[in-house]
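[1] sequence-free structure coming up:
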């Protein structure tokens, strides 16, 4: 619980124990299994504030996004990486950030994160952020790609295809686009909600839906796939593709109807997909992470993380991580930052997760419930090994 | 977390720090932005017990409401204000209460609450409790009014109006009734649920609904507005009126269908109302307060509090307050007691909130996550400044 | 909160206090108001692992169920009862278990649980586990029966009955079967969901539904009642029978659609049943236990526990128990283990509940919120007295 002091050594009466757990967690070469690129350019104050919230509205004049858990976490934890005192003022922080320049800021924050392998989802505003190759270049760590199904479909539409040819063109494009990808991702939660019919649509249904969608796209000049028949088609083709499939679940920007983003709504799909053996990875999940833990316990094909929620709850992320360690077997929980843009988000995603895991697991150890060896092993599973197994990444380089 | 001892100074190793935060929180002149009057008359045991629960059923013979978190909190925290030892017996407490008399009990408990400004919602059983003027007289602090939309409509019906004239009569009455009010309130959660159509109804729909309702009211002799068309009309006229609009959300008496009181159901209305710039204030929200925090993060026009849930969870209110400090920017969180009746509820609303904030924020400071200056500033924002800004109360008198 | 060290004496500065609360909780002769029999036979590793999860799928080759909160709890708390060190390896544990034999393992673990009275639900795979008489024989403590409504109906169908005679035959069988039972149980959550029509069906509806069901059962050769009309009929006949009625709520195996297992969905039934005065007991409730606490506060006929969730959250059960101590009056909360099979589950159900209660209540006492006398009294109410009153068990033998 984040309301308590983090002094497990003092409390447990055995100084070495808590500290060695902290050190072990500190040094895990994390696999960030769902992340986006770091910002390529500079971010003046207004833009920076808009990038440290899931709101897509302008920041009202009577407030600042720095007055939030994530804002305080930036000033506390990122300021020292840029050579400032913790709890500095926003102006000071942003001035220093500008002074150092984006390249140096990215380099420092990404290096300090200790992330050992990035799985970079490239489907959202990819021109404003570093692509996987540049992420690898900046960090010196491998950066593989996760391909967003909806982006592939929209690219197919944008490049021109008839309704009758859509299904085949999508399939070709998906296999082509994901040749070296480690995973796929769907944002059906944003485009429709998780309350969709679970089974795959028929070819005729797909063609009819593609016809409606392509006409509408031609009229509007923009191809945004939100037809539930097409979205289901994409998901089932993704399952056929056989790569681990990530689902946006729960918390996100206001495009999401959170009421229709409870992972429990995926039950039908999970059961239909179970015989395929494709790992389904539920991302973020806040505030439904306990529901995700239930699904991960009872269905062998379900995994989850609490990525986005860790960053945005800041000092409270200890509670969120603790709640993620209830029903699910430890082999079914992963780490991600879901960072997009400011490298502060990559850094905090890793740092807050490490701090939360250390505090929660130290508590279990201090209470006599877990051994320290168990704690270190579980942290390593969640921080890296589970993702290495699920995505077939092999041993750490 | 409420299961731990509150000794931040000892734990942080810097005695002065935690204590000065506690003192700062203790002395905030709170703005209670949603409260009702204190009980005007005496309360014998049966009545008192029925007033310290949200149940509207008689207390079963085999139990007492004193055996609950709020019951224990009354005996712990209110007894000393009446000159008794903490953890006294219910009989002793009620005898002392009777001996002092309601006026003295009200005076003592309201003064000890340290509430600096009351926004009094007057729509519920107003004849049994102090009105805003008497609340101000007893406390020596300003007490402004918040007007319940449904009460205005029911008064209009009771005073006699035809269906065709209802809309105009309601509008006139609303403007008249709210001339000096600071805010409006809707209990659509009680009367229908939050799963209503978000848009305003047409004038013809309103007249037809008013016709049905007024006929039914004439037959039954009681005008209780529960027609969703009329409720939507009231809400949209309230938004037109332009005062901050409070919504009962989540936990309350069994009239509420809690399953239909999740604030996420308000998404459509929030988005339609957003261009008006009217603050929408989600009250209580328990157990959906994390959902409310999400809405407050992503929508500039949404605010929330955890009022009622703080009182009724007593020793556990620390956890509820902690959970309210996750996604929402600190400028979007408010304090309220939602007290109705026994001044114990006003007192505990303030006291438990102060204790919870002190414990949670002391934990953040002791953990090195927040500075003490940040903690004091955020407590002051939530306790008073945000409400002063939203309701236009000006500086503290 | 489970992340903190359990050292209330040190923290409160009065060593004797926390310890005496711990001792008091330790010695409560618990009434386990919803439990199943202990495993009659041996459990090799594969079977044992499948019995310490709510998943009904085979354990994947790349993981072990021992790597979970409940797995760690078995190795921590049950190993010493079998004469091993805590945190032993699964292989060592299972070898020792086999060496001692099931009878000795059952005897040791059940005795160490300190459960004073078992209410044994016999409706699930009763041939693999000890029946109430054998549970009483092994433990030397009373073991009464709770009868599952659906099992009675399925037995009636299996023994041969026509649709027209079903209702009468079920009623006769129910009274016969429950002559000495202490309570009834329904698993409508598994068979349909809690979103059923609340009222009792008509006799004609029941006959028509029985006709459909009996035909289908004859065809399939297996009588599994999942028709909502019949399920409602069973529930209402159960309410007529007048014994306390238990509902599976929330978390369970993947047969349950958790999205349709929120206890708030029972509101209509609760209100219709209220005049009958039959106690309705909501079992488990995780992750909806706060919703159950609300229902238990506002409806006199509602009770709840957090049984199953305590076992499966292991070191985190402190948080689950803490969350169950919010809205509900303390007279409305009960203890259960919901153990089925390995006696480890019976033992952990009691042990984890005692530890969680001790930690949570010690925290309240150390914080100065509760007196120790209150804490001991509430633990005794929840652990034993409430169940004794609700089920009419009389004083402890």
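    On my side now, so go ahead. Note that this is a predicted model, so its numbers are computed, not measured.
[2] for the stretch 201-350 of chain A, which segments count as helices?
    Here the stretch 201-350 of chain A has its helices, by DSSP state H, counting those that start in this stretch, at A:203-220, A:228-241, A:267-273, A:289-298, A:307-313, A:317-324, A:343-366.
[3] wait, which of the ones you listed is closest to chain C?
    Smallest distance to chain C across the helices of the stretch 201-350 of chain A (Cβ to the nearest Cβ): 3.3 Å, for helix A:343-366. Using the backbone N, CA and C atoms, a C-beta is placed for each residue, glycine as well.
[4] residues in contact with the helix or strand following the closest one?
    Next along the chain after helix A:343-366, taking DSSP states H and E as the criterion, comes helix A:372-380. Helix A:372-380 is contacted from outside by A:17, A:20-21, A:24-25, A:28, A:330, A:357-358, A:361-362, A:364-365, A:370, C:67, C:72, C:87, using Cβ atoms under 8 Å, 6 or more residues apart in numbering or on different chains.
[5] same question, stretch A:58-78
    Contacts of stretch A:58-78 (Cβ under 8 Å, 6+ apart): A:46, A:49-50, A:52-53, A:86-90, A:93, A:109, A:311-316, A:344, A:347-348, A:351-352, B:297, B:300, B:325-332, B:368-370, B:374, B:378, B:381, B:389.
[6] and the spatially most central residue of chain A, how close does it get to residue A:249?
    Closest residue to the average C-alpha location of chain A: residue A:338 at 3.0 Å, with Cα atoms, centre = their mean. Distance of residue A:338 to residue A:249, computed by Cβ to Cβ, to the nearest Å: 11 Å.
[7] okay, and the common contacts of these two?
    A:283, A:284.
[8] residue contacts, residue A:329?
    So residue A:329 contacts A:296, A:297, C:53, C:63, C:65, C:67, C:68, C:71 (Cβ under 8 Å, 6+ apart).
[9] of the residues you listed, buried ones?
    Of the members of these, the ones counted as buried by neighbours, 16 or more other Cβ atoms under 10 Å in any protein chain shown, are A:296, A:297, C:53, C:63, C:65, C:67, C:68, C:71.
[10] nearest to chain B, out of these: which one, please.
    Of all the buried ones among the contacts of residue A:329, chain B sits closest to residue A:296, with 20.0 Å by Cβ to the nearest Cβ.
[11] ok, the closest one - contacts?
    A:282, A:302, A:303, A:304, A:327, A:328, A:329, A:332, A:333.
[12] what's across from the last one in the sheet?
    Beta-bridge pairing of residue A:333 under DSSP bridges involves residue A:304.
[13] and the first one, by the same measure?
    Here residue A:282 shows beta-bridge partners residue A:247, residue A:304, assigned using DSSP bridges.
[14] so it makes contact with residue A:306?
    No - counting by Cβ atoms under 8 Å, residue A:282 does not reach residue A:306; the two are 9.8 Å apart.
[15] tally up the residues packed near the residue nearest to residue A:67 when sequence neighbours are not counted, please.
    Taking Cβ to Cβ, 6 or more residues apart in numbering or on different chains, and ignoring the residues beside it in sequence, residue A:67 has residue B:330 as its nearest neighbour in space, at 4.6 Å. Neighbours of residue B:330 under the rule other Cβ atoms under 10 Å in any protein chain shown: 22.
[16] what does residue A:377 give?
    Count around residue A:377 with other Cβ under 10 Å applied: 16.
[17] follow-up on the earlier one: the more surrounded of residue A:282 and residue A:306?
    Using other Cβ under 10 Å as the criterion, residue A:282 and residue A:306 rank with residue A:306 on top: 31 against 28.
[18] need phi/psi at the more buried one.
    When read as degrees, to the nearest 10, the backbone of residue A:306 gives phi -120, psi 30.
[19] from residue A:367, how far off is it?
    With Cβ to Cβ as the criterion, residue A:306 and residue A:367 are 22 Å apart.
[20] about what we covered before: turn the helices of the stretch 201-350 of chain A into JSON lines, including mean pLDDT.
    Converted to JSON lines, the helices of the stretch 201-350 of chain A look like this (pLDDT from 0 to 100):
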{"stretch": "helix A:203-220", "mean pLDDT": "96"}
{"stretch": "helix A:228-241", "mean pLDDT": "98"}
{"stretch": "helix A:267-273", "mean pLDDT": "98"}
{"stretch": "helix A:289-298", "mean pLDDT": "98"}
{"stretch": "helix A:307-313", "mean pLDDT": "95"}
{"stretch": "helix A:317-324", "mean pLDDT": "98"}
{"stretch": "helix A:343-366", "mean pLDDT": "98"}
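[21] and the stretch 201-350 of chain A, which residues reach chain B?
    A:251, A:253-254, A:257-259, A:286-287, A:312-316, A:319-320 (Cβ under 8 Å from any Cβ of the partner chain).
[22] ok, and the most crowded of those residues?
    residue A:251 (32 neighbours).
[23] now do the contacts for the nearest residue to residue A:186 once chain neighbours are set aside.
    Among residues not flanking residue A:186 along the chain, residue A:149 sits closest, at 5.0 Å (Cβ to Cβ, 6+ apart). Residue A:149 sits next to A:174, A:184, A:185, A:186, A:234, A:235, A:237, A:238 when contact means Cβ under 8 Å, 6+ apart.
[24] what about the last one, how many neighbours?
    Here the count is done by other Cβ under 10 Å, and residue A:238 has 25 residues near it.
[25] between the two ends of stretch A:44-64, what distance do you get?
    14 Å (Cα to Cα, to the nearest Å).
[26] tell me how far it lies from the chain's centre.
    21 Å (Cα atoms, centre = their mean, to the nearest Å).
[27] likewise for stretch A:233-247?
    That offset, for stretch A:233-247, works out to 17 Å (Cα atoms, centre = their mean).
[28] rewinding a little: please name the residues that touch the residue nearest to the centre of chain A.
    Here residue A:338 is in contact with A:34, A:35, A:36, A:283, A:284, A:307, A:308, A:311, A:345, A:349 (Cβ under 8 Å, 6+ apart).
[29] using CSV, lay out the contacts of residue A:149 together with distance to residue C:167.
    Below are the contacts of residue A:149 laid out as CSV (distance: Cβ to Cβ, whole Å):
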residue, distance to residue C:167
A:174, 56
A:184, 53
A:185, 53
A:186, 48
A:234, 50
A:235, 45
A:237, 50
A:238, 50
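[30] which of those has the most neighbours?
    residue A:184 (28 neighbours).
[31] and that one, backbone torsions?
    Torsion angles, degrees, to the nearest 10, at residue A:184: phi -120, psi 170.
[32] ok now do it, which residues does it touch?
    If you count contacts by Cβ under 8 Å, 6+ apart, then residue A:184 has A:146, A:147, A:148, A:149, A:178, A:238, A:241, A:243, A:244, A:245, A:246 around it.
[33] right, I'll leave it there.
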